[in-house]
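K.L.:
Predicted model follows, preceded by the sequence.
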Amino acid sequence: MDVIEHIKEDKKEIIKAFKLLKKEGNLIINVPAFLHLYSNFDKDVGHFKRYSKNDFKKILNNINYKNVTFIYYDSIGYLLSFLSKILSSNYKKNFEKKIKLWDSIIWMSKILDYIICRMFGKSLLIIVKK
């Protein structure tokens with residue numbers, strides 16, 4: 001799933017999707033991470049929120065699952081998003097240049113993610129085993 005952030009009743013949809021899994025199946029959810037990064041960009045593209053591990057821990061309290069894995073990734077994207085939010089009042093200004101910059105250094109994010117043990121990132125991947 002890569003749409004939960006666009007659904008207001010996200011908890012209901014996650015529970016519904018989990019119930020549809022076969023035994024031993026995996027529910028894979030990818031979401032934008034960290035509510036403090038929520039910006040006008042998120043709002044403009046229809047995101048209701050950004051997520052943390054704790055958000056999903058609360059949702060998963062109502063589900064009988066075997067295992068859950070949380071993986072933050074794109075630490076460089078996190079840093080760029082944070083800087084953009086605090087330094088720029090208009091994310092649309094130089095937007096194409098910002099995307100080109102991010103595209104040119106994304107490889108560095110993979111290395112930094114590994115070094116910092118995926119402690120933070122622009123995105124969060126959740127794998128829930130039924």
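P.N.:
That came in fine, so what should we check first?

K.L.:
ok, and what's touching stretch 8-28?
P.N.:
Outside stretch 8-28, the residues that touch it by C-beta atoms under 8 Å, 6 or more residues apart in numbering are 1, 4, 7, 29, 48-49, 59, 62-63, 65-66, 125-130. (Glycine included, C-beta is placed from N, CA and C.)

K.L.:
Show me which of these are buried.
P.N.:
By neighbour count, with 16 or more other C-beta atoms under 10 Å, the contacts of stretch 8-28 hold 4, 29, 49, 59, 125-126, 128, 130 as buried.

K.L.:
What about the residues you listed, which are in strands?
P.N.:
With strands taken from DSSP state E, the overlap with the buried ones among the contacts of stretch 8-28 comprises 29, 125-126, 128.

K.L.:
out of these, what pair is the most spread apart?
P.N.:
Using C-beta to C-beta, those span at most 10.9 Å, a distance reached by Leu125 and Val128.

K.L.:
and the lengthiest helix in the chain, what does it pack onto?
P.N.:
Scanning the chain for the longest helix, with DSSP state H as the assignment, gives helix 95-115. Judged by 3 or more C-beta pairs under 8 Å, 6 or more residues apart in numbering; DSSP states H and E, helix 95-115 is in contact with strand 67-73, helix 75-87.

K.L.:
mind running it again at 6 Å?
P.N.:
On a contact count with 3 or more C-beta pairs under 6 Å, 6 or more residues apart in numbering; DSSP states H and E, helix 95-115 meets helix 75-87.

K.L.:
got the angle between the helix it packs on and strand 67-73?
P.N.:
60 degrees (axes from the mean of the first three to the mean of the last three C-alpha atoms, to 10 degrees).

K.L.:
I'd say Leu124 and Val31 touch.
P.N.:
Yes. Applying C-beta atoms under 6 Å as the test, Leu124 and Val31 come out as touching, 5.4 Å apart.

K.L.:
joint contacts of those two?
P.N.:
Here Leu124 and Val31 have Tyr51 as joint contacts, going by C-beta atoms under 6 Å, 6 or more residues apart in numbering.
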